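Student: sequence plus the predicted model coming up.
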Amino acid sequence: MPTISLLHLVENLALSYDIEDKTITGLNTLKDASHSEISFFENKKYLEDLKNTKAAAVLITSEFTEYLPKSSLALVVDEPYLYLAKMSKYFAPRVIELAGNIPKKDVGTAIMQNVHLGYNTIIGSNCTIMSGVFIGDNVTIGNNTIIYPNVTVYRDCKIGSNTIIHSGTVIGSDGFGFATDKKTGTHIKIYQNGNVIIGNNVEIGANCTIDRAVFKSTIIEDMVRIDNLVHIAHNCRVGLGSILVTQVGLSGSTILNEYVVMGGQSGTTGHLEVAPFTTISARGVVSKSIKEPKKQWAGFPLIEHKSWLKLQAKIQRLIKG
Amino acid sequence: MPTISLLHLVENLALSYDIEDKTITGLNTLKDASHSEISFFENKKYLEDLKNTKAAAVLITSEFTEYLPKSSLALVVDEPYLYLAKMSKYFAPRVIELAGNIPKKDVGTAIMQNVHLGYNTIIGSNCTIMSGVFIGDNVTIGNNTIIYPNVTVYRDCKIGSNTIIHSGTVIGSDGFGFATDKKTGTHIKIYQNGNVIIGNNVEIGANCTIDRAVFKSTIIEDMVRIDNLVHIAHNCRVGLGSILVTQVGLSGSTILNEYVVMGGQSGTTGHLEVAPFTTISARGVVSKSIKEPKKQWAGFPLIEHKSWLKLQAKIQRLIKG
Amino acid sequence: MPTISLLHLVENLALSYDIEDKTITGLNTLKDASHSEISFFENKKYLEDLKNTKAAAVLITSEFTEYLPKSSLALVVDEPYLYLAKMSKYFAPRVIELAGNIPKKDVGTAIMQNVHLGYNTIIGSNCTIMSGVFIGDNVTIGNNTIIYPNVTVYRDCKIGSNTIIHSGTVIGSDGFGFATDKKTGTHIKIYQNGNVIIGNNVEIGANCTIDRAVFKSTIIEDMVRIDNLVHIAHNCRVGLGSILVTQVGLSGSTILNEYVVMGGQSGTTGHLEVAPFTTISARGVVSKSIKEPKKQWAGFPLIEHKSWLKLQAKIQRLIKG
């Protein structure tokens, strides 16, 4: 990722502050930002994170600057999230690298015709990369992994060993992120500068989409099983051994702990966490965190599966009554 | 599109009328048909359109011929829609052109390997067209547009400037159109001879499908944001700045006015219009037009979002009661 | 498919029985297994099938061996389904054949650039196979069929004549099959050694997925119409003239008889059968077999469409009450 002078950056956004220059390496959340990263504060829910942030600078409205640690510079703006979006472009890598190390593959790996391998890409041993696959720049793939035809892996993603990805699946496309300028109604893209990391012994079905993170990584842990036409948004984490049946949609920043089962056409509304060994029945919608493990849930709004069954019996009587 | 002699056309369908020949350029709705196009009348809802049509000829049952303007010829048949389907084939362009102007691209545009560019295709400046992309014949693309790997753009479509289309998305596939012969049960394809027009500053996610129009155009207006795995059927219009979250499905001839938000896995049943600044909650299904702007709706059948919340509270009590 | 010595096979799974060797040609259900195939018994629902099986050998727990015909060998294990999964790998064909007959195409068939045709593949006359299409080994395609760009057809599948497959669709990807080892939590892949058979005069939309069967075939019969983003799981059969609207999901072993209509975003839970001329409304979920033909159903749980309409009227009153 490019590094940028803080003063140049704010100047490009037509902002001006009486601050010292710093070298900025990227954008991040208040919680995860390093001493060389910029963050933003817009939602009071994250006030504790603001007080403890290590960010070099924070986009913030004037009323909250008092909570900012002294180590962080305040970049006072009226719409912090909008300015984050405007800044994100400057940290976006090139769509395609023009130079770098030529891609490497280890012994026993078969690359069929009409495959694109980007610069700095490294593929392990005994993999099969089938026709029409696109592997972007800086991608790493482990050993014994099979990538079926017409899969796209965007730049910077990592795929483990003994993993299978079926045709048409897209790994690392941009998360659905933008800020809307309240004055003009213009949607400003938030460049998605993170990546996707897929573990070992994973199988992903056909025509799925797994978006890259806005910051850091969208993560699919070891031994996950994903059916066809499943959508996983930016910054999700799908825990060890979890099972996602066809047409599931996970909204942004959904955390599934280990061995969660999501039934067909179920979904989550994002920014929530699901306890281990939870089962969501087909069509269920998770709209807040599930803390107790090993339970089954159904419906929308979500209720315990056994309550859902009772409810349906009552509705049957309502129909007849 | 091919032009055809009316007499030859009806002869090919084993029909016969005592009429003068005309040159026919295509098929269209009663409302939009020009003096050289054929239309059809099957649904009484469109009686006013019939009375005012400019169509050269209209497929129609005998009982309604009296409403046809004198400028239009009556092509009397027992099943007008079925005959429209049978006719549509004669106006379908070739799947692939065998000749034409070689594709042109402007300065700064990068075309990666394994890209197909069809005849008469014109791409503006500073675009990036990545590996595995298929661009059919007569496509035009503006400036600064990025098309990610393995996207397919069918013939005759138009894409604006500063637009991003993510991997695996299909633009311009045939709309889901056919007529079923009541005697034999045979489904007869209605050739989709329209196109798709995508505006400027649009971003479309991965593995979406946007079908071409049966007549005229499916339209995605400027600044629209579409998430992954979204389906947009033939003849839809998605208004300025609208936002379609993952796995939304718009049925045919859905009109979304400006700044409509469709939540995840929501849908429409087609042939309807949604007022500006409407929000449809996740999983909501729009089954008739929404006329009042700036409201939020939920559920299926659709009700106001605040009523939906109250309903859920009542259902909670029903479970406990 | 490879043939294997029964004794070598059980030895590879660290099992040992005092039995005579046989040549095994594959795995199958109790009902369909031939004298050279292995089957398994895990669900009491299939006890009659067990009593009548012709399988060479059956993976079975000790308590049920008494029901096994004398012609079948008992392979006693504690988790039959898990051992089926472990065995399935040995019958899986290569991902890509390294040799075979070069692909053949008949007169008038156009193959565009960047197409892969596998060994032993045979394509009839007057077909159009567009750029970026992948056709695996041993595929057969009839006459006059159009395959749009970036479609993937996995090995061993069969596609009929006068059929159209739109871009991005995946035919023959692996069904979603695995057994979970209760001791370790490891998911063991069940190799999907069947195929997909698609009939004549079928049209399949863009970005659909049709999975290959675990045994035998997933079948799409003649004249079926499938919209975009539809998922059809392994071992489904979609009957003559059936219509599947956008984003439908059929779970494994769903049998749709002739002229079934599945509305947009509807689904089935699998291992069930739907009577001829049934209509499932948009969003309906079929969770058990429908035996009476020509009815319309809606909702989840599924009820008759007219009851669903009444129910909604009652819910409207509940909201107001």
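Tutor: Received it, and whenever you're ready, just let me know what you need.
Student: quick check: residue A:227 touching residue C:175?
Tutor: No - in this structure residue A:227 lies outside contact range of residue C:175 using C-beta atoms under 8 Å: 9.2 Å. In this view, the C-beta of every residue, glycine as well, is placed from N, C-alpha and C.
Student: so what's in contact with those two at the same time?
Tutor: The overlap between the contact sets of residue A:227 and residue C:175 (C-beta atoms under 8 Å, 6 or more residues apart in numbering or on different chains) consists of residue C:233.
Student: show me which of the two is the more surrounded one.
Tutor: Ranked by neighbour count (other C-beta atoms under 10 Å in any protein chain shown), residue A:227 and residue C:175 place residue A:227 first, with 27 against 24.
Student: which ones are touching the more buried one?
Tutor: Residue A:227 makes contact with A:205, A:244, A:245, A:246, A:247, A:248, A:264, C:176, C:231, C:233, according to C-beta under 8 Å, 6+ apart.
Student: secondary structure class for the spatially closest residue to residue A:251 that is not a sequence neighbour?
Tutor: Nearest residue to residue A:251 in three dimensions, chain neighbours excluded: residue A:270, at 3.0 Å (C-beta to C-beta, 6 or more residues apart in numbering or on different chains). Following DSSP: H, G, I helix; E, B strand; the rest coil, we place residue A:270 in the coil state.
Student: could you check how many residues crowd around residue A:270?
Tutor: Using other C-beta under 10 Å, residue A:270 is surrounded by 18 other residues.
Student: which ones are touching it?
Tutor: Taking C-beta under 8 Å, 6+ apart, we find residue A:270 in contact with A:233, A:250, A:251, A:252, A:253, A:254.
Student: now with 10 Å, please.
Tutor: With contacts defined as C-beta atoms under 10 Å, 6 or more residues apart in numbering or on different chains, the neighbours of residue A:270 are A:233-236, A:249-254, A:286-287, B:264.
Student: what about the closest residue to residue A:265 other than its chain neighbours, how many residues nearby?
Tutor: Nearest residue to residue A:265, sequence neighbours excluded (C-beta to C-beta, 6+ apart): residue A:247, at 4.6 Å. Here the number of neighbours of residue A:247 (other C-beta under 10 Å) works out to 30.
Student: please tabulate the contacts of residue A:227 in JSON lines and include secondary structure as additional columns.
Tutor: Listed next are these as JSON lines, based on three-state DSSP:
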{"residue": "A:205", "secondary structure": "coil"}
{"residue": "A:244", "secondary structure": "strand"}
{"residue": "A:245", "secondary structure": "coil"}
{"residue": "A:246", "secondary structure": "coil"}
{"residue": "A:247", "secondary structure": "coil"}
{"residue": "A:248", "secondary structure": "coil"}
{"residue": "A:264", "secondary structure": "coil"}
{"residue": "C:176", "secondary structure": "coil"}
{"residue": "C:231", "secondary structure": "strand"}
{"residue": "C:233", "secondary structure": "coil"}
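Student: which one among those residues gets closest to chain B?
Tutor: residue A:247 (7.0 Å; C-beta to the nearest C-beta).
Student: the nearest residue to residue A:189 once chain neighbours are set aside and chain C, how far apart?
Tutor: Of all residues not flanking residue A:189 in the chain, residue A:178 sits nearest, at 5.3 Å (C-beta to C-beta, 6+ apart). Separation of residue A:178 from chain C (C-beta to the nearest C-beta, to the nearest Å): 23 Å.
Student: repeat for residue A:281
Tutor: 10 Å.
Student: what do you get for residue A:56?
Tutor: With C-beta to the nearest C-beta as the criterion, residue A:56 and chain C are 43 Å apart.
Student: wait, that residue touches residue A:24, no?
Tutor: Yes - at 6.2 Å, residue A:56 counts as touching residue A:24 under the criterion of C-beta atoms under 10 Å.
Student: perfect, that will be all.
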